[in-house]
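Trainee: This is a predicted model, with the sequence first.
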Amino acid sequence: MKKSLLVLLLGLQYCVAFCQTTIDTSKHISFKGIPLDGTLDQYVSKMKHNGFILLKTENGTATLQGDFAGYKECYIGVSTLKQKDLVHKIGVLFPEKNTWSTLSGNYLDLKQMLIEKYGKPTSEVEKFDTRNEPRDDGSKLYEVKFDRCKYYSIWETNKGEIHLSIAHDGVISCFVNLAYFDKINSATIKKTAIDDL
């Protein structure tokens, strides 16, 4: 009995110590555990350290590629405002899908993971802007390509916002998009924009 109690107490002590080391103390929203803060070069360096490959940097945005949330070869865009080299937004384009079932499956899978981490979305819309609901896989994908599919969920946290949506690039490709907006740095960027007016 004493052994069991001792093992239980040691296990509990380990859990408490582990939980204390993994608490996010940053005031910024995080992506892959990295707070959205600092210059573009600093942030890209941290992303590369996490296994992402830098593809290009242009006009205050770095494009990287890598695996994210169990999905292979995602494209990641890290954005700043050119006048203020401060990271404030990250977008993830998940791999293109050619069927509605796989596209909506990705969206619902990611949504469920985000719900597990952040709770219910603050707002969500999941509908087609058509007279009649599309009935089959092909017609649903067609509506996505012509911008008549509104599937998105938004989480507002005290550190920023997270937007998950089904998106498209013209009539060529359909994919799931995930974006993180840091509250503090987005406010700084907005202030800079207002100062320009």
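Mentor: Nice, thanks for sending it over.

Trainee: pretty sure Asn98 is in a strand, no?
Mentor: No: looking at Asn98 with DSSP: H, G, I helix; E, B strand; the rest coil, it is coil, so not inside a strand.

Trainee: okay, now it: neighbour count?
Mentor: 10 (other CB atoms under 10 Å). Backbone N, C-alpha and C define where each C-beta goes, glycine included.

Trainee: How about Tyr180?
Mentor: 22.

Trainee: List the contacts of it.
Mentor: By CB atoms under 8 Å, 6 or more residues apart in numbering, Tyr180 lies in contact with 29, 31, 36, 89-91, 160-162.

Trainee: which ones among these are found in strands?
Mentor: Within the contacts of Tyr180, residues falling in strands by DSSP state E are 31, 89-91, 160-162.

Trainee: Make a markdown table out of the residues you listed and add distance to Gly66 and neighbour count.
Mentor: Output for the ones in strands among the contacts of Tyr180, formatted as a markdown table (distance: CB to CB, whole Å; neighbours: other CB atoms under 10 Å):
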| residue | distance to Gly66 | neighbour count |
| --- | --- | --- |
| Phe31 | 12 | 25 |
| Lys89 | 18 | 23 |
| Ile90 | 12 | 24 |
| Gly91 | 14 | 19 |
| Gly160 | 22 | 21 |
| Glu161 | 23 | 17 |
| Ile162 | 19 | 21 |
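
Trainee: Gly51 touches Asp67, doesn't it?
Mentor: Yes: taking CB atoms under 8 Å as the definition, Gly51 is a contact partner of Asp67 at 7.2 Å.

Trainee: The residue lying closest to Ser123 once chain neighbours are set aside and Leu164: what is the separation?
Mentor: Excluding its sequence neighbours, the residue lying closest to Ser123 (CB to CB, 6 or more residues apart in numbering) is Ile154, at 4.9 Å. Taking CB to CB, to the nearest Å as the measure, Ile154 falls 8 Å from Leu164.

Trainee: between these two, which one's more packed in?
Mentor: For Ile154 versus Leu164, neighbours defined as other CB under 10 Å are more numerous around Leu164 (23 against 16).

Trainee: Excluding sequence neighbours, find me the nearest residue to that one.
Mentor: Ser153 (4.8 Å).

Trainee: State the helix or strand in which the one you found lies.
Mentor: Assessed by DSSP states H and E, Ser153 sits inside strand 149-157.
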